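K.L.:
Show me the folded form of this:
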Amino acid sequence: MSANVSSVLQRSPQPLHTQIREALRRGILEGAYREHAQLPSESELTATYGVSRITVRHALAQLQREGLIFKVTGKGTFVSKPKALQDLSQLQGFGEAMRRLGRETCSQVLGHELLRADTELAERLALDAGDAVIELRRLRYLDRVPVSLDVSYFPASIGEQVLRADLAGRDVFSILENEIGIALGAAEVSIEAALAGGDIAVHLGIAESAPILRIERLTTSAGGRPIDFEYLYYRGDAMRYRVRLARAPAAVTAIAKR
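P.N.:
Next comes the predicted model:
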């Protein structure tokens, strides 16, 4: 087995440690190595891939930095719980994205309130300051573990309809499109690292000041009307995001003319 694997590694142009890292990563993300399962030892991996121990250690160190594995002194290397992957290149709800991965989702409504829009919120939703808005607070669960605290704001006419829907089992995007009849067009998303405050930490079941992802998202209709402005607070150990970036045609043209 080691000879076959070694020959495959040697034929690839990628560095050996990169190939081993990718092979182990695939095994983790595709379920060959279950959560908290112990990986083969460094000696076993060295023999399997026909490489040096330094090469194996390099591959494992990269996986550890990515949060896919963790080491226990004197016992070995174990698989962490893989983070859920959401593709930000598409406008989709959390539940919709996770169901495609075979993950279970649900929501708990923590509360809702009729408010008057302050200047910032009015600007986001293209309203006048003082106009009525609905604030909706939900706790989102992934595989029965709380992963996100969502605070959403809607113009009152839309929010009142959202509140009448099944918020425990459905995404807001699905409700907006299929029950209210609003065709969604696009969203502006801002992501930054933050530390969990007391209320957020309690709801997400993490330590206060634990790392989280704070996301601002403004969703507009197909006609460009602001529909939903949200603050989303995700556990830092639960999610990762993927975005496909294309080179701007103007930049390519400018380089070609040099």
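
K.L.:
For S41, give me the backbone phi and psi.
P.N.:
phi -70, psi 170 (degrees, to the nearest 10).

K.L.:
Next, count neighbours for it.
P.N.:
12 (other C-beta atoms under 10 Å). From N, CA and C alone the C-beta is placed, and that goes for glycine too.

K.L.:
Identify the residue spatially nearest to it, adjacent ones excluded.
P.N.:
Closest residue in space to S41, ignoring its immediate chain neighbours: G76 at 6.2 Å, by C-beta to C-beta, 6 or more residues apart in numbering.

K.L.:
again with E216
P.N.:
S190 (4.4 Å).

K.L.:
which stretches of this protein form helices?
P.N.:
2-11, 16-29, 42-49, 53-65, 94-99, 119-124, 156-163, 172-178, 198-204, 249-256 (DSSP state H).

K.L.:
what number of residues lie near the residue nearest to E96 when sequence neighbours are not counted?
P.N.:
What sits nearest to E96 in space, not counting adjacent residues and going by C-beta to C-beta, 6+ apart, is D171, at 5.6 Å. Close neighbours of D171, defined as other C-beta under 10 Å, add up to 21.

K.L.:
R100 too?
P.N.:
12.

K.L.:
What distance do you get for it to Q108?
P.N.:
22 Å (C-beta to C-beta, to the nearest Å).

K.L.:
what's the answer for V145, then?
P.N.:
Distance, V145 to Q108, using C-beta to C-beta: 12 Å.

K.L.:
ok, now S89?
P.N.:
The value you get for S89 to Q108, if C-beta to C-beta is used, is 29 Å.

K.L.:
Can you lay out the helices of the chain as TSV showing mean pLDDT and mean neighbour count?
P.N.:
Shown next, in TSV, are the helices of the chain (pLDDT from 0 to 100; neighbours: other C-beta atoms under 10 Å):
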stretch	mean pLDDT	mean neighbour count
helix 2-11	50	13
helix 16-29	86	18
helix 42-49	92	17
helix 53-65	90	17
helix 94-99	81	19
helix 119-124	96	14
helix 156-163	97	17
helix 172-178	94	19
helix 198-204	93	16
helix 249-256	61	9
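
K.L.:
Of those helices, which is nearest L184?
P.N.:
Closest of these to L184 is helix 172-178, at 6.0 Å (criterion: C-beta to C-beta).

K.L.:
Go ahead and confirm the residue nearest to S41 touches H36.
P.N.:
No - with contact defined as C-beta atoms under 8 Å, G76 and H36 do not form a contacting pair (11.5 Å).

K.L.:
Contact partners for the residue nearest to E216?
P.N.:
I215, E216, R217 (C-beta atoms under 8 Å, 6 or more residues apart in numbering).

K.L.:
do that again at 10 Å, thanks
P.N.:
Going by C-beta atoms under 10 Å, 6 or more residues apart in numbering, S190 touches R214, I215, E216, R217, L218.

K.L.:
my guess is the last one contacts L184, does it?
P.N.:
No - under the criterion of C-beta atoms under 10 Å, L218 is not in contact with L184, lying 11.7 Å apart.

K.L.:
shared neighbours, those two?
P.N.:
Contacts common to L218 and L184, judged by C-beta under 10 Å, 6+ apart, are I227, D228.

K.L.:
What's the local residue count around I69?
P.N.:
So I69, with other C-beta under 10 Å, has 21 neighbours.

K.L.:
what's near enough to touch it?
P.N.:
I69 touches 24-25, 28, 33, 38-39, 60-63, 77-80, counting by C-beta under 10 Å, 6+ apart.

K.L.:
Skipping its backbone neighbours, what lies nearest it in space?
P.N.:
Nearest residue to I69, sequence neighbours excluded (C-beta to C-beta, 6+ apart): L63, at 4.8 Å.
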